[in-house]
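**Student:** everything below, folded, please.
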Amino acid sequence: MVSTSSFRPTKVSRTIGLYGQVKSNGDLQTPKGQEGVADVLDGLFSYGTTTLDRLAFQKAVDDIAANLSAGSTFSLEVLEDQFDRGVSLLADNVLHPALPEEAFKVVQKETIVSWQAN
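**Tutor:** The predicted structure follows:
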């Protein structure tokens with residue numbers, strides 16, 4: 001289930017922001033001994049989609065001058081005339097992440113270091 005925050009229009013700029021999160025409870029859903037797996041998964045969303053590799057995806061985001069992040073929490077900030085394309089890219093990233101195996105190893109190591117630092 002996906003939840004989004006309420007719509008709050010402002011007239012400050014011609015930018016639209018979309019923010020939300022996938023409802024989950026890591027304490028209940030993470031198997032014992034696999035703590036951090038959700039962090040690894042979240043880290044993999046930046047590696048593109050099944051239709052656009054990492055560089056092509058980032059170029060598509062840059063082409064519309066958007067800020068986009070996906071994972072268990074997601075956001076999109078984009079000029080209003082590029083909103084449809086931005087939502088399309090966000091949806092592709094959330095629904096069809098690439099999850100490349102070589103990236104898994106990188107993100108896994110980064111997550112371990114992050115967990116050890118805390």
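
**Student:** residues near residue 80, how many?
**Tutor:** Residues contacting residue 80 under the criterion other CB atoms under 10 Å number 11. Heads up, the C-betas are built off the backbone N, CA and C, glycines and all.

**Student:** where do the helices sit along this protein?
**Tutor:** Ranges of helices within the chain are 26-29, 37-44, 54-63, 83-95, 101-117, based on DSSP state H.

**Student:** and the longest one, average pLDDT?
**Tutor:** With pLDDT averaged residue by residue, helix 101-117 scores 88.

**Student:** tell me what that helix is packed against?
**Tutor:** Secondary-structure packing of helix 101-117 (3 or more CB pairs under 8 Å, 6 or more residues apart in numbering; DSSP states H and E): helix 37-44.

**Student:** identify the residues contacting the residue most central in space within the chain.
**Tutor:** Relative to the mean C-alpha position of the chain, the nearest C-alpha, by CA atoms, centre = their mean, is the one of residue 70, at 0.9 Å. Contact analysis of residue 70 by CB atoms under 8 Å, 6 or more residues apart in numbering lists 45, 46, 90, 93, 94, 97.
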